[in-house]
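Participant: What follows is a predicted protein model with its sequence.
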Amino acid sequence: MKLHPVDMKNLRPEIFNLFQTQTPLLTAGTPGHCNPMTIGWGQLGTLWNKPVCTVYVRPERFTYQFMEENPFYSISVLPEEFKKALAFCGSKSGRDTDKIQACGLTAAFSAHGAPFFEEANLVLICRKLYVQDLDASCVCGHDAVDPFYGKMGNWHRAYTGEVVEIYAKE
């Protein structure tokens, strides 16, 4: 079954459980050079009267440079049979290997040029609206974040993007 465009108004509330129940691939780049990484943190909602998706990337991740250099990114939710591919994309760096080829994924590109995967059940294409580094001085309860950062820091950068295209399989 092929992906097809979906009107945002037709999505069910279950989409807001996306980051808790599945492990999507975040992908940014160009047709000539892109990189996917698995993500477990994200938010969906409304900002400035626009539907948005916020994702978090550490600066040392290979995908970070693609997020910085490109105005669009995608979230691809793959079916259960791609669990090994998701694990691979979360444990290997695109600096060392072509993760798309190694996982047997088929890259496609949105009308805005954002890379995503044909094997996905759901794809969100996002245009960056706001970027900001998370800051330890703004945390109101360090017990929540200590397991992720400890004393070393290594804080994520938050990318909030307007959801401009959605593709889904029926």
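Facilitator: Nice, I can see it.

Participant: Assign Lys2 to helix, strand or coil.
Facilitator: Three-state assignment for Lys2 (DSSP: H, G, I helix; E, B strand; the rest coil): coil.

Participant: show me what contacts it?
Facilitator: Neighbouring residues of Lys2 by C-beta atoms under 8 Å, 6 or more residues apart in numbering: 118, 169. In this view, the C-beta of every residue, glycine as well, is placed from N, C-alpha and C.

Participant: quick one: low-confidence ranges for this protein?
Facilitator: Within the chain, the ranges that satisfy pLDDT under 70 run 1, 8-17, 20, 142, 150-153.

Participant: what ranges do the strands span in this protein?
Facilitator: Applying DSSP state E to the chain gives strands spanning 4-5, 25-30, 33-38, 42-47, 50-57, 72-77, 107-109, 115-117, 122-133, 157-168.

Participant: Now render the ones you listed as JSON lines, adding mean neighbour count and distance to Asp143.
Facilitator: As requested, these are exported to JSON lines (neighbours: other C-beta atoms under 10 Å; distance: least, C-beta to C-beta, whole Å):
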{"stretch": "strand 4-5", "mean neighbour count": "10", "distance to Asp143": "43"}
{"stretch": "strand 25-30", "mean neighbour count": "25", "distance to Asp143": "27"}
{"stretch": "strand 33-38", "mean neighbour count": "22", "distance to Asp143": "26"}
{"stretch": "strand 42-47", "mean neighbour count": "14", "distance to Asp143": "21"}
{"stretch": "strand 50-57", "mean neighbour count": "20", "distance to Asp143": "19"}
{"stretch": "strand 72-77", "mean neighbour count": "26", "distance to Asp143": "29"}
{"stretch": "strand 107-109", "mean neighbour count": "17", "distance to Asp143": "41"}
{"stretch": "strand 115-117", "mean neighbour count": "25", "distance to Asp143": "37"}
{"stretch": "strand 122-133", "mean neighbour count": "19", "distance to Asp143": "21"}
{"stretch": "strand 157-168", "mean neighbour count": "19", "distance to Asp143": "21"}
